[in-house]
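Student: Sequence first, then the predicted structure, then my questions.
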Amino acid sequence: MKHIHFLTEQLRQFDRRYWTIVAILAMGFFVFSSILFGQSLLLYAIAICISAIAIFIYPEIGLYMIVVLTMWFESFFTLQYLIIYGNTYKLYTLDIVICISIVAIFFHYISGNLKLQWKKFDWYLIVFGLLTLGGFIFGLLQHTDTALAFSTVKNYFLYAIIYFLSIILLRKKEDWQELMIWFTIAGVGLFFFLIYGIASGHGLWSDITPLSTFGTRLIAGTHAFYFALFGIWLLSIYLFSKHISPNKNLIIQITLLGVSVALLVSLVRHLWVAIFFLMFLWFYVLKSDAKKKQFVSLVGKAVMVGIFAIFVYISISFATTGSFSTRSDRFLTSVKDRMNISDVVRLEDSSFGWRAATWQAAFRMWTTSPIIGIGFGHSIDGYFEVYPFFIPVRDLHNDYIGIFLQLGLIGIIFLLYWFWSVLKTIWKLWSSDHLDNWERQHLFMWGSVVILFMILFSISVYWDTNLFIIWWWLALSGVRFSAIYSQ
């Protein structure tokens, strides 16, 4: 043990940020190469070795890698199968980085360098984990789809390891500040995908999550979600930075306007709805009139820039083709179609109509076991209009209904109580007069992300996909830190 500790101390002579850059480049090169040429086991082994060394020295590098690589490569980092001699294994690169981080933390923990202090905030997660374990076992006893059951419990709770990694590794204000530096770097990198989508008329990797209605996304839905997180972070800096130069202020405003354009061309309707509700909440919780005016002014600029961007896009298309191009017509029709709320209300929107049909089928299935639920590993069948469907529960596009169905009244009542407790914590902190600017900035960011998830859980598959849900657990750890730091 002493020899290992000595070796670690020697390797620490290389600065943490340099190790982070090397680890991200190594793993990023492997992922990028896999996209272009297919997987190489040699590159995979090299990337794993370099990442393991970096994380073993500085365990927090694992979190930095997860943040950056998930935001850039999304499913190619988080959901890509490992292929060995023609056989596929569900050993995702994200999971490998998490496992290496766990081993590194264990080593540093037994060495006395890291500690974990349990708080009341943590026990809600433990109880929820026990409920999901019960749902998994109950599903197995019914001989349901074992792979589906394990995938469900993995997404529902096993990825909560991100929460525990965060509360162990991010113990000080400076730790969170370092994480947000890498988050900012990743956010800036997202603009490559926006520029590519606008220039090509088709978002890179947007085919992975295609529209169920008319149109084509100019940026993938996953990248749009990460843009939303980045936008919340920039807004928190804009509203709560104590000393900010005019140049930096201008850069933040321009970047926020770019984020607004990205969200518009993503055509992710449920994200629009969630952010719309968040904007009302932000206006309400901002205490001073000056902050409210600052926020309203920024929103007004975003609307004007959006309108101007569409006008410029159409004008360039007209100037280069001599007519109203098919691309411009398709884009405007797509935006109009996604904003048409009347079709949703009348259930004439095919996307929402399909969801409503699956929810009705789920409620019928729930009546067979209303108290403890049906367990994990089931699929639902029914009809949307004259078309039959047979889908796993995780494709319901409503995680509250999914938990209600699989864990019954016990599961949904506990979940709502847990969420209510988290919201009370956030509200209590927001109402405090004793937070400094950094604390308000941190709370605004992660508290907003928590609430964003609580909205999105009701209209999409955010709890059922690892590249989304890891951010929920990170946001919860951020709120927990705010509650402890403000004491």
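Tutor: Cool, the structure landed.
Student: Who's the closest spatial neighbour of residue 226, skipping the chain neighbours?
Tutor: In space, and not counting its chain neighbours, residue 226 is closest to residue 71: 4.6 Å by C-beta to C-beta, 6 or more residues apart in numbering. Just so you know, the C-beta spots here come from the backbone N, C-alpha and C atoms, and that holds for glycine as well.
Student: For residue 460, what is the enclosing helix or strand?
Tutor: Take DSSP states H and E as the rule and residue 460 turns out to sit in neither a helix nor a strand.
Student: what's the answer for residue 358, then?
Tutor: helix 350-366.
Student: give the contact list for residue 109.
Tutor: By C-beta atoms under 8 Å, 6 or more residues apart in numbering, residue 109 lies in contact with 115-116, 168.
Student: oh, I was asking about residue 98
Tutor: Counting by C-beta under 8 Å, 6+ apart, the residues that residue 98 touches are 62, 66, 161-162, 165.
Student: From these, list the buried ones, please.
Tutor: 62, 66, 161-162, 165 (16 or more other C-beta atoms under 10 Å).
Student: Residue 377 and residue 138 touch, don't they?
Tutor: No. Residue 377 is beyond contact range of residue 138, at 9.2 Å (criterion: C-beta atoms under 8 Å).
Student: rewinding a little: parallel or antiparallel, which strands does the helix or strand that the helix holding residue 358 is followed by pair with?
Tutor: Proceeding N to C from helix 350-366, the next assigned helix or strand is strand 379-384, under DSSP H and E. When pairing is defined by DSSP bridges, strand 379-384 lines up against strand 387-392 (antiparallel).
Student: Check which residues of the partner strand are buried.
Tutor: 391-392.
Student: thinking again about what came up before, please list the members of the contacts of residue 98 that lie in helices.
Tutor: Among the contacts of residue 98, DSSP state H puts 62, 66, 161-162, 165 in helices.
Student: hang on, the earlier thing: pLDDT and secondary structure for the contacts of residue 109 - can I get that in TSV?
Tutor: Putting the contacts of residue 109 into TSV (pLDDT from 0 to 100; DSSP: H, G, I helix; E, B strand; the rest coil) gives the following:
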residue	pLDDT	secondary structure
115	74	coil
116	75	coil
168	92	helix
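Student: Make JSON lines from these and add neighbour count and distance to residue 397 to it.
Tutor: Below are these laid out as JSON lines (neighbours: other C-beta atoms under 10 Å; distance: C-beta to C-beta, whole Å):
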{"residue": "115", "neighbour count": "9", "distance to residue 397": "40"}
{"residue": "116", "neighbour count": "11", "distance to residue 397": "36"}
{"residue": "168", "neighbour count": "19", "distance to residue 397": "34"}
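Student: Which member of the residues you listed is positioned nearest residue 25?
Tutor: Checking these against residue 25 by C-beta to C-beta gives residue 168 as the nearest, at 25.7 Å.
Student: Assess the claim that the closest one and residue 114 are in contact.
Tutor: Yes. Because the distance of 5.6 Å satisfies C-beta under 8 Å, residue 168 is recorded as touching residue 114.
Student: intersection of neighbour lists for the two?
Tutor: residue 105.
Student: follow-up on the earlier one: and residue 377 and residue 138? which has more neighbours close in?
Tutor: Neighbours were counted for residue 377 and for residue 138 using other C-beta atoms under 10 Å; residue 377 has more, 25 against 21.
Student: who touches the helix or strand where residue 180 lies?
Tutor: Using DSSP H and E, residue 180 sits within helix 173-189. Residues outside helix 173-189 that contact it (C-beta under 8 Å, 6+ apart): 20, 60, 63-64, 67-68, 71-72, 169-170, 226-227, 229-230, 233-234, 255, 438, 442, 445, 478, 481, 485.
Student: Which residues belonging to it are considered buried?
Tutor: Applying 16+ other C-beta under 10 Å to helix 173-189 flags 176, 178-180, 182-183, 185-187 as buried.
Student: now stretch 21-37
Tutor: 21-24, 26-28, 30-31, 34.
Student: Redo those as a markdown table? Include pLDDT.
Tutor: Listed next are the buried residues of stretch 21-37 as a markdown table, based on pLDDT from 0 to 100:
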| residue | pLDDT |
| --- | --- |
| 21 | 95 |
| 22 | 96 |
| 23 | 96 |
| 24 | 97 |
| 26 | 96 |
| 27 | 96 |
| 28 | 96 |
| 30 | 95 |
| 31 | 95 |
| 34 | 91 |
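Student: So which of those sit within helices?
Tutor: Per DSSP H, the subset of those in helices is 21-24, 26-28, 30-31, 34.
Student: ok, the nearest residue to residue 389 once chain neighbours are set aside - contacts?
Tutor: Nearest residue to residue 389, sequence neighbours excluded (C-beta to C-beta, 6+ apart): residue 382, at 6.0 Å. Contacts for residue 382 were tallied using C-beta under 8 Å, 6+ apart; they are 357-358, 360-361, 364, 388-389.
Student: Out of those, which comes closest to residue 126?
Tutor: Closest to residue 126, out of all of those and judged by C-beta to C-beta, is residue 358, at 31.1 Å.
Student: what about the closest one, how many neighbours?
Tutor: Residue 358: 21 neighbours (other C-beta under 10 Å).
Student: circling back to that earlier point, can you redo the ones in helices among the buried residues of stretch 21-37 as TSV with distance to residue 123?
Tutor: As requested, those are arranged in TSV below (distance: C-beta to C-beta, whole Å):
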residue	distance to residue 123
21	38
22	38
23	33
24	34
26	38
27	34
28	37
30	39
31	37
34	40
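Student: Can you tell me which of those residues lies closest to residue 424?
Tutor: Among these, and counting by C-beta to C-beta, the member closest to residue 424 is residue 24, at 37.5 Å.
Student: so where's the chain uncertain?
Tutor: Applying pLDDT under 70 to the chain flags residues 1-14, 209-215, 306, 309-351.
Student: Which parts of it are strands?
Tutor: For the chain, strands defined by DSSP state E occupy the ranges 82-84, 87-89, 379-384, 387-392.
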